[in-house]
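1. Quick one, structure for this:
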Amino acid sequence: MGCIKKMDLGHGGQTKISSFMSPTKTPGVRPPLQEENSTLLHEGKHIGKTSSGAPKKKEGGNPKIAAGLELLSKAAEQKDSESTVLDIALEQKQTLTQPQNKRSPADRKPEQQRMVKAKPNRQKVQATKSPNRKVTDYFPVRRSCRKSKTELECEEKKRIDDLITSGKEDGMKVDIITGKGRGVIATRDFYRGEFVVEYHGDLLEITDAKKREEEYAQDSSKGCYMYYFQYLNKTYCVDATKETNRLGRLINHSKTGNCHTKLHNINNIPHLILIASKDIKAGEELLYDYGDRSRSSIEAHPWLKN
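-> Modelled structure (predicted):
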């Protein structure tokens, strides 16, 4: 009978198996282990495949051959297990390195559904816990009764317009002032900025006013009651020389008077009025500055110096 003998490892690290022919057999018969199509060599070349399809050895075979076959099958199983562990490690590495946001549509669908279901719940909680309430839910709306500055000015202008148009002059009277003659005394209190009276007379342009002034100069018994002013780049004059019952023309001069003149427009017609420069008490004389500083006027009326 033939036998198998294990030899030393060569440079390739593989086990060499040598076979010897039995002296009883003819030299022309080839040993089974040298046949390339034999089952043992086929298994050795394809180690990654399972040996389940290999034919089983008959009982009572050579024990050395059986040991060699068992050794080769263990080596193939070990290699298969190593390749399986390597594949598992590669799969785990790919799973760890793969970005978490790159997921399949099948994986994202459940998350989207959960988010859609959770949104109404959050909105309900915010709506129930919202502390925003209007003040008008607890207190009624209060409107301010104060008038604006523009409204107050319009009302005051209308009041002055009515007084000028009607010619009504209240809160003052004519009295004799020592060293001056006639004068006007306040009979009530006037507050600063309040309308006092109009300097009423004939409204003339500059050419007509100069002609009248020349006529008045010829009669020494007549005083000077002509007030010149400019309005819209044009010179006008209020001539109050004519004797009337209006009180504005009788108010005397003072450089430190308690009134001052101001222009008031009614339908584009200027009116010369007197305004209180400070608070005026009842019983005080009403005074204002004539503003005439000419030498001839001061020589004719020395009281203009004061």
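
2. can I assume residue 250 is in contact with residue 180?
-> No. Between residue 250 and residue 180 there is no contact under Cβ atoms under 8 Å: 10.2 Å. To be clear about C-beta, it is placed using only N, CA and C from the backbone, and glycine gets the same treatment.

3. More neighbours: the two, which one.
-> The residue with more neighbours, out of residue 250 and residue 180, is residue 250; 18 against 12, by other Cβ atoms under 10 Å.

4. show me the contacts for that one.
-> With contacts defined as Cβ atoms under 8 Å, 6 or more residues apart in numbering, residue 250 is in contact with 174, 182, 183, 184.

5. which SS class is the second one?
-> Right, the one you point to is residue 182. In the three-state summary, residue 182 is assigned as strand, counting by DSSP: H, G, I helix; E, B strand; the rest coil.

6. Please name the bridge partners of it.
-> Listed beta-bridge partners, residue 182: residue 176 (assigned using DSSP bridges).

7. residues near it, how many?
-> One way to gauge burial is a neighbour count; for residue 182, by other Cβ under 10 Å, it gives 13.

8. what about the helices in the stretch 51-200 of the chain?
-> When secondary structure is read from DSSP state H, counting those that start in this stretch, the stretch 51-200 of the chain shows helices at 63-97, 105-129, 149-166.

9. Give me the mean pLDDT for the second one.
-> Within the predicted structure, the mean pLDDT of helix 105-129 is 51.

10. Tell me where the model's unsure across the stretch 201-306 of the chain.
-> Judged against pLDDT under 70, the stretch 201-306 of the chain has no low-scoring part.

11. rerun that using 90 as the cut-off
-> Regions of the stretch 201-306 of the chain meeting the criterion pLDDT under 90 cover residues 213-214, 216-225, 290-306.

12. And the helices in it?
-> 206-217, 295-300.

13. Would you mind finding the most buried of those helices?
-> Highest mean neighbour count among the helices of the stretch 201-306 of the chain (mean count of other Cβ atoms under 10 Å): helix 206-217, with a mean of 13.

14. now what about that one, what contacts it?
-> Here helix 206-217 makes contact (Cβ under 8 Å, 6+ apart) with 204, 222, 224, 226, 228, 235, 236, 237, 239, 241.

15. Buried among those? Need that as a selection in PyMOL.
-> Applying 16 or more other Cβ atoms under 10 Å to the contacts of helix 206-217, the buried members can be selected in PyMOL as follows:
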select buried, resi 204+224+226+228+236+237+239+241
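
16. In strands only, show me the contacts of helix 206-217.
-> Here DSSP state E is the test, and these give 204, 226, 228, 235, 236, 237, 239 as lying in strands.

17. and the second one, what does it touch?
-> Put plainly, it is residue 226. Going by Cβ under 8 Å, 6+ apart, residue 226 touches 209, 212, 213, 216, 237, 238, 239, 240, 241.

18. Make CSV from the residues you listed and add distance to residue 267 to it.
-> Output for the contacts of residue 226, formatted as CSV (distance: Cβ to Cβ, whole Å):
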residue, distance to residue 267
209, 22
212, 25
213, 28
216, 30
237, 20
238, 17
239, 21
240, 21
241, 25
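
19. Of the residues you listed, which pair is most distant in space?
-> Pairwise distances across the contacts of residue 226 peak at 14.2 Å for 216 and 238 (criterion: Cβ to Cβ).

20. Identify the farthest-apart pair in the contacts of helix 206-217.
-> Put simply, by Cβ to Cβ the two of those set farthest apart are 222 and 235, 22.2 Å from each other.

21. So, low pLDDT: which residues of the stretch 51-200 of the chain?
-> Filtered on pLDDT under 90, the stretch 51-200 of the chain yields the residue ranges 51-149, 151, 153, 178-181.

22. at 50 instead, please
-> By pLDDT under 50, the low-scoring segments of the stretch 51-200 of the chain are 51-60, 116-117, 125, 127.

23. Return the closest of the contacts of helix 206-217 with respect to residue 299.
-> Proximity of the contacts of helix 206-217 to residue 299, judged by Cβ to Cβ, is greatest for residue 224, which lies at 12.9 Å.

24. returning to what we had before: out of the helices of the stretch 201-306 of the chain, which comes closest to residue 161?
-> Using Cβ to Cβ as the measure, helix 206-217 is the one of the helices of the stretch 201-306 of the chain that comes nearest residue 161, at 25.1 Å.
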